[in-house]
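Enquirer: The sequence and its predicted three-dimensional model are supplied below.
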Amino acid sequence: MTISIPVSPKKKAHRITSDTRICPICFTKAMFSWSYIETDATVYENDPLFKYARCLACHQYSMWLPNNTLIFPAPKGQFKPHRYMPEDVKVDFEEANSIVDKSPRGAAALLRLALQKLCVYLGGSGSINSDIKNLYKEGRDEKLRKAMDYVRVVGNEAVHPGEIQVNDNPEIARTLFKLINYIVDHKIALEREIDEVYESLPDDKKQQINDRDKGSK
């Protein structure tokens, strides 16, 4: 499917920049040539009404809002990253979301990478199997360990096909999005929210708690 970008003779299309990302039309990682159309609503070059991009792999156009929200073609995928998800993890999560309908295996592999980065954020070394083992030792949370191991195993199988055929059952890949958000919720969001409500206690009450704990040693 193609899109025609009409430009009034009185208006101009300006090239902004280029970058590399997953094309929402051909689903390949390719160079994008970005431009914006000058309209009456365009105030500044860096704040256009909308932008459009030409994929240099399939030569098709996509249209985006200034905040990089896809307008055309209609975005695929249905999973939003947890609001407390680390930025480098979110990049892989959103890229997986953009391709899950076209390539469940590719999405599963990306989410396995997202989990590896998440483990590092939580203090791990980057060795995903060891990191899961150590995180389990810290909290003894069986459900959390199962969630992390499920993402790890399915992601590994996507890269090195074995017993689990992700492309034959796309719902397997879709489950991984929920599990990544579950892990973020339990290991980052919940702990952060507990810290925030605790810090709302009066200072004298927190000091009494600190004094109590010092005296119990």
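Expert: Now that the structure is in, tell me what you want to look at.
Enquirer: quick check: domain ranges of the protein?
Expert: 13-72, 87-198 (automatic domain parsing).
Enquirer: could you show me where the strands are in this structure, in order?
Expert: Assigned strands in the chain, in chain order: 13-22, 29-37, 51-55, 61-64, 70-72 (criterion: DSSP state E).
Enquirer: Low-confidence stretches in this structure?
Expert: Scanning the chain with the threshold set as pLDDT under 70 gives 1-16, 27, 37-49, 74-77, 216-217.
Enquirer: repeat that for 80
Expert: For the chain, the stretches flagged by pLDDT under 80 are 1-18, 21-22, 24-29, 36-50, 65-71, 73-78, 101, 140, 160-169, 215-217.
Enquirer: quick one: the helices in it?
Expert: Along the chain, the segments classed as helices by DSSP state H run 87-99, 104-121, 128-139, 142-159, 170-184, 190-199, 203-215.
Enquirer: and those, which is most packed in?
Expert: Mean neighbours per residue, mean count of other CB atoms under 10 Å, is largest over the helices of the chain for helix 104-121, with a mean of 24. C-beta: built from backbone N, CA, C; applies to glycine.
Enquirer: can you give me the offset of that one from its chain's centre?
Expert: Distance, stretch centre to chain centre, for helix 104-121: 9 Å (CA atoms, centre = their mean, to the nearest Å).
Enquirer: Likewise for stretch 134-142?
Expert: The answer for stretch 134-142 is 24 Å, by CA atoms, centre = their mean.
Enquirer: Could you do stretch 30-38 as well?
Expert: On CA atoms, centre = their mean, the centre of stretch 30-38 falls 23 Å from that of its chain.
Enquirer: Now distance to residue 72 too, for the helices of the chain, in a markdown table please.
Expert: Listed next are these as a markdown table, based on distance: least, CB to CB, whole Å:
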| stretch | distance to residue 72 |
| --- | --- |
| helix 87-99 | 14 |
| helix 104-121 | 22 |
| helix 128-139 | 37 |
| helix 142-159 | 29 |
| helix 170-184 | 24 |
| helix 190-199 | 37 |
| helix 203-215 | 53 |
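Enquirer: Which of the ones you listed sits closest to residue 52?
Expert: helix 87-99 (17.2 Å; CB to CB).
Enquirer: How far does the closest one sit from its chain's centre?
Expert: Between the centre of helix 87-99 and the centre of its chain there are 3 Å (CA atoms, centre = their mean).
Enquirer: And stretch 153-163, by the same measure?
Expert: How far stretch 153-163 lies from its chain's middle: 20 Å, per CA atoms, centre = their mean.
Enquirer: what's that stretch in contact with?
Expert: Around stretch 153-163, the neighbours that count as contacts under CB atoms under 8 Å, 6 or more residues apart in numbering are 104-106, 108-109, 111-113, 115, 164, 166, 172-173, 176.
Enquirer: ok, now with 10 Å
Expert: 96, 103-116, 128-129, 164-167, 172-173, 175-176, 179 (CB atoms under 10 Å, 6 or more residues apart in numbering).
Enquirer: again, but for stretch 197-204
Expert: Under CB under 10 Å, 6+ apart, the answer for stretch 197-204 is 205-209.
Enquirer: now, which of those residues sits nearest residue 85?
Expert: residue 206 (29.3 Å).
Enquirer: Now do the contacts for residue 122.
Expert: Residue 122 makes contact with 86, 131, 134-135, 138, 183-184, 187-188, according to CB under 10 Å, 6+ apart.
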